[in-house]
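A.B. asks: After the sequence you'll find the predicted model.
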Amino acid sequence: MPRFAANLSMLFTELPFLDRFEAARQAGFAGVECLFPYDHPEDEVKDALSRAGLPLILINTPAAPAAGRIGQAAIPGAEAGFQADLELALRYAAGLAPKFIHVMAGRSEGAMAERRFCANLEWATKAAPTQHFLIEPLNPHDMPGYFLRDFTTARRVLEQVNAPNLHLQFDAYHAHRISGDVAGLWCEFGDLAAHIQIAGAPGRHEPIPSEIDYSLFFNCLENDRYDGFVSGEYNPTGATIDGLGWMEAPADPPENEKGQRFPPARSLL
């Protein structure tokens, strides 16, 4: 089974934020992530991490939803705002040591937006060469207008930037909403992935039960020797602790929905 992390922006929300770290440890998670830690002083978050003894896997660059944006890395003309966002993220990263910073593209479209996204990613990866960054396709049903909405564009961006510290974030829920074929997308793009998030479909609740075959997906990861974290990023249907049976889900032989075996094992970051 994979190493599971808890997204503390969505799980254990029945508790104050700083108490969720210890709750995740007690529930058996091996790591944690949070979308936007910026509402809390960095030293308080660091203390909560230290007390729980868990690694921080991921934070996002700041978002500005009030302005109709989810990040701004792909928004032409917003270069100064993006750089300010990244500087804040890096300031928190200096103390919290997240393995990854997810760079949010924002709502935009077209060739100019893609060029701006690539340029900002090039700037970020060079500004912080020891920090690893992620980009993540978000499905257009839940996130209309978001620039990075498919995996083909993600591959093209990664190839254009060509930075050793920039990788794909593979969210199985978004992959399902984008194509309906999580296993197929993993077979095609999993070699680019350094971090995974999961949730059930429909509804984005617990991963199991779900329209997504997670027994199949977890066996795919094992077959590929994926050695990163798999983070639960979902809205619990009740108390978080009552819905964690998915962490003990049984596994089946690794093959995709068409009965085809997965490709040879590959080592990921």
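C.D. replies: Right, received. Where do you want to start? Numbering: from 1, shown residues only.

A.B. asks: for the stretch 51-200 of the chain, which spans come out with low pLDDT?
C.D. replies: Counting by pLDDT under 70, the ranges of the stretch 51-200 of the chain that qualify are 64-69.

A.B. asks: For it, just list every one of the helices.
C.D. replies: Applying DSSP state H, counting those that start in this stretch to the stretch 51-200 of the chain gives helices spanning 79-96, 111-127, 151-161, 172-179, 182-189.

A.B. asks: Next, give phi and psi for residue 229.
C.D. replies: According to degrees, to the nearest 10, the main-chain angles of residue 229 amount to phi -90, psi 150.

A.B. asks: what's the closest non-adjacent residue to it?
C.D. replies: Nearest non-adjacent residue to residue 229, counting by C-beta to C-beta, 6 or more residues apart in numbering: residue 5, 4.4 Å away. C-beta: built from backbone N, CA, C; applies to glycine.

A.B. asks: cool, and residue 163?
C.D. replies: residue 125 (3.8 Å).

A.B. asks: What mean pLDDT does stretch 237-247 get?
C.D. replies: Per-residue pLDDT values across stretch 237-247 average out to 96.

A.B. asks: hmm, who's touching that stretch?
C.D. replies: Contacts to stretch 237-247, defined as C-beta atoms under 8 Å, 6 or more residues apart in numbering, come from residues 1, 4, 11-14, 23, 27-28, 205-208, 214, 232, 236.

A.B. asks: now with 10 Å?
C.D. replies: Outside stretch 237-247, the residues within contact range by C-beta atoms under 10 Å, 6 or more residues apart in numbering are 1-2, 4, 6, 8, 10-15, 20, 23-24, 26-29, 198, 200, 203, 205-210, 214, 218, 230, 232, 234, 236.

A.B. asks: Please narrow these to those residing in strands.
C.D. replies: Among the contacts of stretch 237-247, DSSP state E puts 4, 6, 198, 230, 232 in strands.

A.B. asks: hang on, the earlier thing: pretty sure the residue nearest to residue 163 is touching residue 165, no?
C.D. replies: Yes. Residue 125 is in contact with residue 165 according to C-beta atoms under 10 Å; the separation is 5.2 Å.

A.B. asks: who touches both of those two?
C.D. replies: 131-133.

A.B. asks: Throw these into CSV and include distance to residue 244 and neighbour count, thanks.
C.D. replies: Output for the shared contacts of residue 125 and residue 165, formatted as CSV (distance: C-beta to C-beta, whole Å; neighbours: other C-beta atoms under 10 Å):
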residue, distance to residue 244, neighbour count
131, 31, 19
132, 28, 20
133, 30, 22
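
A.B. asks: okay if I get those residues as a markdown table plus distance to residue 156?
C.D. replies: Formatted as a markdown table, those follow (distance: C-beta to C-beta, whole Å):
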| residue | distance to residue 156 |
| --- | --- |
| 131 | 23 |
| 132 | 20 |
| 133 | 16 |
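
A.B. asks: Drop anything exposed from the contacts of stretch 237-247.
C.D. replies: Neighbour counting by 16 or more other C-beta atoms under 10 Å classes 2, 4, 6, 8, 10-12, 15, 20, 23-24, 27, 29, 198, 200, 205-208, 210, 214, 218, 230, 232, 234, 236 among the contacts of stretch 237-247 as buried.

A.B. asks: So which of the residues you listed sit within helices?
C.D. replies: When DSSP state H is applied, the buried ones among the contacts of stretch 237-247 are split such that 20, 23-24, 214, 218 fall in helices.

A.B. asks: Using JSON lines, lay out these together with distance to residue 74 and pLDDT.
C.D. replies: JSON lines is the format used below for those (distance: C-beta to C-beta, whole Å; pLDDT from 0 to 100):
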{"residue": "20", "distance to residue 74": "31", "pLDDT": "98"}
{"residue": "23", "distance to residue 74": "35", "pLDDT": "98"}
{"residue": "24", "distance to residue 74": "32", "pLDDT": "98"}
{"residue": "214", "distance to residue 74": "31", "pLDDT": "95"}
{"residue": "218", "distance to residue 74": "32", "pLDDT": "94"}
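
A.B. asks: Perfect, I'm done here.
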